[in-house]
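Colleague: sequence? don't have it. structure:
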């Protein structure tokens, strides 16, 4: 599949690795980016350790048009994303007057801007703020790195603000065909269709629902016409193999 | 925190990156490993592209005592985990008679072992099988790399088989204290407690529940006594700050 714009995602937080918290930000971000034609090409989850964050930021920001990070921008000792991102980029962390004013507008009184809260107004030098309408403390962009909160509700509001400023390509459309055949019954024919349509990403995913093994064939592309054609071929192929094919969630319309 | 045994996880699959599928394997694996005292230190999600998988396998297997992979071991064209892992390790892919027999026992008849299905009996040379009681096609271990299916139910049954053969350390215990204070109100005091107990991993996680901002302080350690002490200090600290502290999910007992 043609990949004009790409993104990587770095999830920062011990709570995801320990299994305490179920990450849902990956799915949300992956979907929102696909709508803008931006492919999520890699995700990493690392602990709250500076060296690990610095290494991952530098690997992932080189790998894609954009790097998004989530988590670690709060006021506590384990929130070390800002220092780590600044170190990776090679700039100092400075107090941002705009970020301080954003916090003041949230907390209302000067005396409520305690040292812990003011930590959230410190950002890498040269960073541009991303507003946080939920809890005041802003995210920011520096170079191609977007630093966002980890709490899903806050991350989502930050992403809504960021999306319009990203480069846009034709949206990645996705068609899904389910059937009652086992994966192994369709493998050869599916590989043939994939060969015929290299601009389409074809995946097959077995699943259990209510104890029954089923199969979803997912086709993704920015090319509407080719996607429509290939989807029809998949449906015919599944039916010719004796399967009950059901086209669900079809985004390509011609 | 003392980290005697560690693990990394590689999730292979376009469906996670596109947002089509919500990954739940990370949380499951993170929890199961913690019970055995094994720390999950990094997770990566990569697409079904050989070079990406080879690179990630080699980075992650060097980084931890064990590397687990999920996804990409089925019969279709997008299942390229085995070739990629073999390439990363530097061994050929060979037909495994034991794997063939496992498939035969699942599919019953020799004539049902189609070329697509026999693909699932091909494993890296020297790999040791991990049985798949759900759908026949086995996982395997080669060196310190455990290759598992991506479908959660199958992954879980494979992991149950693998866990007893992993090195075991004291389980990582976890205590959680929730309160109604904002994170910024407790940041300084929590940092002090963290300094006093370097063997304990202390994290603080704000959350919204029913529209109310709340806070969970999570303490993790293999040292039961220190964990118990530090948790009591956190509770006292939160109460001294005027918070309503509630100790929930306490694993450390003395």
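Modeller: Thanks, I have it. Keep in mind it's a predicted model, so treat the numbers as computed, not measured.
Colleague: From the centroid of chain A, which residue is nearest?
Modeller: Nearest to the centroid of the C-alpha atoms of chain A, with distances taken as Cα atoms, centre = their mean, sits residue A:29, at 3.1 Å.
Colleague: ok, that one to residue B:86 distance?
Modeller: Applying Cβ to Cβ, to the nearest Å, one obtains 32 Å for the distance of residue A:29 from residue B:86. For glycine as for every other residue, the C-beta is placed from the backbone atoms N, C-alpha and C.
Colleague: now residue A:119
Modeller: 48 Å.
Colleague: what about the strands in the stretch 1-150 of chain A?
Modeller: For the stretch 1-150 of chain A, the strands identified by DSSP state E, counting those that start in this stretch occupy A:5-12, A:38-46, A:66-70, A:93-95, A:122-124, A:128-130, A:139-142, A:145-148, in order along the chain.
Colleague: ugh, wrong one, the stretch 151-254 of chain A
Modeller: A:173-179, A:201-209, A:212-221, A:246-250.
Colleague: any chance of those strands in a markdown table, with mean neighbour count and mean pLDDT too?
Modeller: A markdown table is the format used below for the strands of the stretch 151-254 of chain A (neighbours: other Cβ atoms under 10 Å in any protein chain shown; pLDDT from 0 to 100):
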| stretch | mean neighbour count | mean pLDDT |
| --- | --- | --- |
| strand A:173-179 | 22 | 94 |
| strand A:201-209 | 19 | 88 |
| strand A:212-221 | 20 | 90 |
| strand A:246-250 | 13 | 84 |
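Colleague: So which residues on the stretch 101-250 of chain A come close to chain B?
Modeller: Where the stretch 101-250 of chain A comes near chain B, counting by Cβ under 8 Å from any Cβ of the partner chain, the residues are A:114-117, A:119-120, A:135, A:151, A:153, A:172, A:174, A:176, A:183-188, A:190-191, A:194, A:201-208, A:213, A:218, A:220.
Colleague: if we go to 7 Å?
Modeller: Contact residues, the stretch 101-250 of chain A versus chain B (Cβ under 7 Å from any Cβ of the partner chain): A:114, A:116-117, A:151, A:153, A:183-184, A:187-188, A:190-191, A:194, A:201-208, A:218, A:220.
Colleague: Now tell me which helix or strand of chain A has the poorest mean pLDDT.
Modeller: strand A:246-250 (a mean of 84; mean pLDDT, DSSP states H and E).
Colleague: May I have the strands that pair with it, each with its orientation?
Modeller: If you go by DSSP bridges, strand A:246-250 pairs up with strand A:173-179 (antiparallel).
Colleague: returning to that earlier point: let's have the strands of the stretch 1-150 of chain A in CSV, adding mean pLDDT.
Modeller: Written out in CSV, the entries for these read as follows (pLDDT from 0 to 100):
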stretch, mean pLDDT
strand A:5-12, 97
strand A:38-46, 97
strand A:66-70, 98
strand A:93-95, 98
strand A:122-124, 97
strand A:128-130, 97
strand A:139-142, 98
strand A:145-148, 98
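Colleague: Include mean neighbour count when you put these into JSON lines, please.
Modeller: Output for these, formatted as JSON lines (neighbours: other Cβ atoms under 10 Å in any protein chain shown):
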{"stretch": "strand A:5-12", "mean neighbour count": "24"}
{"stretch": "strand A:38-46", "mean neighbour count": "25"}
{"stretch": "strand A:66-70", "mean neighbour count": "27"}
{"stretch": "strand A:93-95", "mean neighbour count": "14"}
{"stretch": "strand A:122-124", "mean neighbour count": "22"}
{"stretch": "strand A:128-130", "mean neighbour count": "17"}
{"stretch": "strand A:139-142", "mean neighbour count": "22"}
{"stretch": "strand A:145-148", "mean neighbour count": "26"}
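Colleague: Which residues are in contact with residue A:61?
Modeller: A:67, A:143, A:144, A:145 (Cβ atoms under 7 Å, 6 or more residues apart in numbering or on different chains).
Colleague: Out of the residues you listed, which two sit at the greatest distance?
Modeller: Using Cβ to Cβ, the contacts of residue A:61 span at most 8.8 Å, a distance reached by A:67 and A:143.
Colleague: Can you report how many residues neighbour residue A:62?
Modeller: Residues lying near residue A:62 (other Cβ atoms under 10 Å in any protein chain shown) number 10.
Colleague: Check it and give its pLDDT.
Modeller: Residue A:62 is assigned 97 on the pLDDT scale.
Colleague: Quick one: residues contacting the residue nearest to the centre of chain A.
Modeller: Listed by Cβ under 7 Å, 6+ apart, the contact partners of residue A:29 are A:9, A:40, A:68, A:159.
Colleague: Over to residue A:106?
Modeller: Residue A:106 sits next to residue A:136 when contact means Cβ under 7 Å, 6+ apart.
Colleague: What separation do you get for it and residue B:211?
Modeller: Using Cβ to Cβ, which is the criterion applied here, residue A:106 is 17 Å from residue B:211.
Colleague: ditto for residue A:11
Modeller: For residue A:11, the distance to residue B:211 under the criterion Cβ to Cβ works out to 25 Å.
Colleague: same deal with residue A:237?
Modeller: Going from residue A:237 to residue B:211 by Cβ to Cβ gives 49 Å.
Colleague: Please say which of the two ends up with more neighbours.
Modeller: Using other Cβ under 10 Å as the criterion, residue A:237 and residue B:211 rank with residue A:237 on top: 21 against 5.
Colleague: I'm done for today, thanks for sticking with me.
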